[in-house]
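**Q** pasting a predicted model and its sequence here:
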Amino acid sequence: MQPQTRPNALAQRDLLGIDGISPGDVTTILDLSESYVALNRNAQKKSDVLRGRTLILLFFETSTRTRTSFELAGKRLGADVINISVASSAIKKGETLIDTAMTLNAMHPDVIVVRHPDAGAVRLLANHVNCAVINAGDGSHEHPTQALLDALTIRRHKGRLDGLRVAICGDILHSRVARSNILLLSMMGSQVRLVAPSTLVPPAIERLGAEVFHDMRQGLEECDIIMMLRLQAERMQGTFVPSTREYFRYFGLDEAKLAMARPDALILHPGPMNRGVEIDSSVADDITRSAILIQVELGLAVRQACLDLLGREPETA
Ligand code: NCD
């Protein structure tokens, strides 16, 4: 009998970015995520689709929700999960990323999830291993599972992704979340707006199909979705905003600016939030408007779906 891949498995081995996957892949991942949302709400949350498989989490940057949710996702699917953080890795002893990749590869893992401060580092690692690789964030480049969980959150609240007006606001320049979201949402038919001071907008970003606004009130007009981003000081070299107080005044989401959006506009934030810098607590904590904790719940399901699709043993016919 010929081994066959499951009918809904993704065509590619890795998930390195939204750049490279199709609208059909996005729908496959989101649809499978829905079944994990339901499973996670049961008392018995475990499945065994990855039993006997090995998942390595390799994080060269700090992370709370992304690392925890990949770990929990792997465990809920029955995989053996190994955590490696930069503090404990041989990179500290001068080993190169490629040597680390080849060392881990020799242990026959089935999936490696990687977060790294440099754009392109996850693809480089993927080129030196035989298993599936998932990008959990590479520099300011891509963070595909974040965009997928944002899309699932939007689809569950609005019933669709096409025809929505989405404002992504804040530090677009340093944000891999923004980049993956612009690619995914435009591909799925949303109209994407970017709202930020000119110092925090990458040059020629309009080429990705987004419209840029430097006035937040204008940018938020009639929006269905408002996605707020953190000022990513750790990626900044130099000064990009005069002060966080002034930044909040012009680009922080508060009740007054929110009133410009549609009355049923949904607020998203990938976390970690800086309250009083990009978002006011009264808005962030308003559960009738903000889906920030729902994003965390759905993020787990999206990571289960991605691990399921990329980490399973191909079924035989
Ligand atoms: C984001 C990241 O790491 O890119 N966080 C996350 O994955 N939840 C955004 C950020 O750090 O601000």
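**A** Thanks, I have it.

**Q** list the contacts for the residue of the chain found nearest the ligand?
**A** When distances are taken as Cβ to the nearest ligand atom, the chain reaches nearest to the ligand at Arg230, 3.7 Å away. The C-beta positions use only the backbone N, C-alpha and C, and glycine is treated the same way. Taking Cβ atoms under 8 Å, 6 or more residues apart in numbering, we find Arg230 in contact with Gly170, Asp171, His269, Pro270, Pro272, Met273, Asn274, Val277, Glu278.

**Q** show the pLDDT at it.
**A** For Arg230, the model assigns a pLDDT of 95.

**Q** returning to that earlier point: so which of the contacts of Arg230 comes closest to Asp215?
**A** Of all the contacts of Arg230, Asp215 sits closest to Gly170, with 14.2 Å by Cβ to Cβ.

**Q** how about the residues of the chain near the ligand?
**A** Residues of the chain lying close to the ligand (Cβ under 6 Å from any ligand atom) are Arg65, Thr66, Gly137, His143, Gln146, Arg176, Val177, Arg230, Gln232, Pro270, Gly271.

**Q** what about those residues, which are in helices?
**A** Within those, residues falling in helices by DSSP state H are Arg65, Thr66, Gln146, Arg176, Val177.

**Q** ok, the residue lying closest to the second one once chain neighbours are set aside to Arg179 distance?
**A** The one in question is Thr66. The shortest distance from Thr66 to any non-neighbouring residue, by Cβ to Cβ, 6 or more residues apart in numbering, is to Ala136 (5.2 Å). Plainly put, Ala136 is 14 Å away from Arg179 if you go by Cβ to Cβ, to the nearest Å.

**Q** looking at these two, which is more packed in?
**A** Neighbours per residue (other Cβ atoms under 10 Å) separate Ala136 from Arg179, with Ala136 holding more: 28 against 24.

**Q** tell me which strands and helices the longest helix belonging to the chain is in contact with?
**A** Identified as the longest helix of the chain according to DSSP H is helix 292-311. Packed against helix 292-311 by the contact rule (3 or more Cβ pairs under 8 Å, 6 or more residues apart in numbering; DSSP states H and E) you find helix 23-40, helix 65-76, strand 111-116, strand 132-138, helix 144-158, strand 266-268.

**Q** 7 Å instead?
**A** helix 23-40, helix 65-76, strand 111-116, strand 132-138, helix 144-158 (3 or more Cβ pairs under 7 Å, 6 or more residues apart in numbering; DSSP states H and E).

**Q** could those go into CSV alongside distance to Val49 and mean pLDDT?
**A** Formatted as CSV, those follow (distance: least, Cβ to Cβ, whole Å; pLDDT from 0 to 100):
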stretch, distance to Val49, mean pLDDT
helix 23-40, 10, 97
helix 65-76, 10, 97
strand 111-116, 12, 97
strand 132-138, 14, 98
helix 144-158, 18, 98
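
**Q** TSV please, covering the ones you listed and showing distance to His214.
**A** Compiled in TSV, the helices and strands packed on helix 292-311 are given as follows (distance: least, Cβ to Cβ, whole Å):
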stretch	distance to His214
helix 23-40	30
helix 65-76	30
strand 111-116	31
strand 132-138	27
helix 144-158	23
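
**Q** figure out which of those is closest to Phe59.
**A** Once those are compared by Cβ to Cβ, strand 111-116 is nearest, at 4.7 Å.

**Q** show me what the closest one is in contact with.
**A** Identification of contacts with strand 111-116 by Cβ atoms under 7 Å, 6 or more residues apart in numbering yields 55-61, 63, 66, 70, 104, 122, 125, 129, 131-138, 307, 310-311.

**Q** skipping its backbone neighbours, what lies nearest Gly170 in space?
**A** Leu229 is the one closest to Gly170 (Cβ to Cβ, 6+ apart), at 3.5 Å.

**Q** who touches the one you found in this structure?
**A** Contacts of Leu229 (Cβ under 7 Å, 6+ apart): Ile168, Cys169, Gly170, Asp171, Ser175, Val177, Ala178, Glu278.

**Q** can I assume Arg155 is in contact with Leu30?
**A** Yes. When contacts are counted by Cβ atoms under 7 Å, Arg155 is listed as touching Leu30 (6.2 Å).

**Q** give me the pLDDT for the closest residue in space to Ser69 that isn't next to it in sequence.
**A** Nearest residue to Ser69 in three dimensions, chain neighbours excluded: Leu300, at 4.5 Å (Cβ to Cβ, 6+ apart). Listed pLDDT for Leu300 reads 98.

**Q** tell me how many other residues crowd Leu300.
**A** Neighbours of Leu300 (other Cβ under 10 Å): 23.

**Q** find me the pLDDT at Lys93, would you?
**A** 75.

**Q** hmm, back to that, most widely separated two among the residues of the chain next to the ligand?
**A** Spatially, the most separated pair among these is Arg65 and Gln232, at 15.5 Å (Cβ to Cβ).
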